[in-house]
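> With the sequence up front, the predicted model follows.
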Amino acid sequence: MRIGMLGGTFDPVHLGHLRSAIEVREALGLDKLHMIPAPQPPLRDTPQVSAVQRFELLKAGIGDTPGLLADDRELHRDGPSYSVDTLSELRQQYGDKVPLVMVIGFDAFLRLARWHNAEQLFDFAHLVVISRPGYQSPWPEALKELVGNREVSSVQSLMHNTHGGLLMLTLPSLMAISATYIRERLQAGKSVRYLLPESVEQAIFKYGLYQIDE
């Protein structure tokens, strides 16, 4: 068994998130990919929609997609959400013999050295970074020190161990969809059709989320 974790604000979840999740699961051969909304991300602004509502939108978006799980474990914690705590829980849940992978975007990866107990992340899991074609940015020195010689060049090499590796992964159909752009369009009363799953769009309008009150 291979298990993955994909955290984020999902504010709101959109087709870019979900397509990436499917392609990551296929590329890594994951049996399950836990998609975990963060109620209060430490290094980002507080989302304007509650964590419970964002989780419900995530569930609606995933629907019955095989292998993708909407996971609300971080909603039950007080204070900021730390990935190292979530990885520790997942490691306890699945045991020490299962490869565990945390998936993050390249922008988040550049800030990794600032994360809470960042050096412990590799004690629990591998790190897979979704890179963007044609986008190059130098790694900060603190990030280079944190990563060291952990980087591998293939999924096969990564999965030789249960944790501790780093893989840069380019997905075949990266979608340039931004949650910020979606929120701006909703607030302006413009269409978001084909940016979100239809089920998510329906829920947003049903509950009046992200829209300016009259």
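The structure has been received and is ready for your questions. Numbers count the residues shown, from 1 in each chain.
> Pull the number of nearby residues for the closest residue to A38 other than its chain neighbours.
Spatial nearest neighbour of A38, chain neighbours left out: S81 (4.1 Å); criterion: Cβ to Cβ, 6 or more residues apart in numbering. Where you see a C-beta, it was placed from the backbone N, CA and C, and this is true even at glycine. Residue crowding around S81 was assessed by other Cβ atoms under 10 Å; the count is 21.
> Show me the helices in the protein, by range?
Assigned by DSSP state H, the helices in the chain fall at 15-28, 51-62, 83-94, 106-110, 121-124, 141-147, 155-158, 179-187, 198-207.
> Would you reformat these as a markdown table and include distance to I36, mean neighbour count and mean pLDDT?
Compiled in a markdown table, those are given as follows (distance: least, Cβ to Cβ, whole Å; neighbours: other Cβ atoms under 10 Å; pLDDT from 0 to 100):
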| stretch | distance to I36 | mean neighbour count | mean pLDDT |
| --- | --- | --- | --- |
| helix 15-28 | 11 | 18 | 96 |
| helix 51-62 | 9 | 21 | 96 |
| helix 83-94 | 6 | 18 | 96 |
| helix 106-110 | 14 | 16 | 92 |
| helix 121-124 | 14 | 20 | 97 |
| helix 141-147 | 22 | 14 | 96 |
| helix 155-158 | 21 | 15 | 97 |
| helix 179-187 | 16 | 16 | 94 |
| helix 198-207 | 17 | 16 | 96 |
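> Any idea which of these gets closest to I3?
With Cβ to Cβ, the closest approach to I3 among those belongs to helix 83-94: 5.4 Å.
> Contacts for that closest one next, please.
Helix 83-94 has contacts (Cβ atoms under 8 Å, 6 or more residues apart in numbering) with 1, 3, 5, 7, 34, 36, 73-74, 77, 100, 102, 115-118, 120-121, 124-125, 163.
> again, only using 10 Å
For helix 83-94, contacts defined as Cβ atoms under 10 Å, 6 or more residues apart in numbering pick out 1-5, 7, 31-32, 34, 36, 38, 41-42, 71, 73-74, 77, 82, 98, 100-102, 104, 108, 112, 115-125, 127, 162-163.
> For ChimeraX, write the select line for the buried members of the residues you listed.
Restricted to buried positions by 16 or more other Cβ atoms under 10 Å, the ChimeraX selection for these reads:
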select :2,3,4,5,7,32,34,36,38,41,71,74,82,100,101,102,104,108,112,115,118,121,122,124,125,127,162,163
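> Out of the contacts of helix 83-94, name the ones that lie in strands.
Counted as lying in strands by DSSP state E, out of those, are I3, G4, M5, G7, K32, H34, I36, L100, V101, M102, I104, L127.
> and the gap between the fifth one and G63?
Think K32. Applying Cβ to Cβ, to the nearest Å, the value for K32 to G63 is 16 Å.
> same thing with S131?
S131 is 28 Å from G63, where distance means Cβ to Cβ.
> For the two, indicate the residue with more neighbours.
Neighbour comparison, S131 and G63: the larger count goes to S131, with 17 against 12 (by other Cβ under 10 Å).
> isn't the more buried one right up against L166?
No. Between S131 and L166 there is no contact under Cβ atoms under 10 Å: 11.6 Å.
> Mind listing the shared neighbours of those two?
With contacts defined as Cβ under 10 Å, 6+ apart, the residues shared by S131 and L166 are F109.
> So what's the residue count around the closest residue to V147 other than its chain neighbours?
Of all residues not flanking V147 in the chain, L166 sits nearest, at 5.7 Å (Cβ to Cβ, 6+ apart). A count of neighbours around L166, defined by other Cβ under 10 Å, yields 19.
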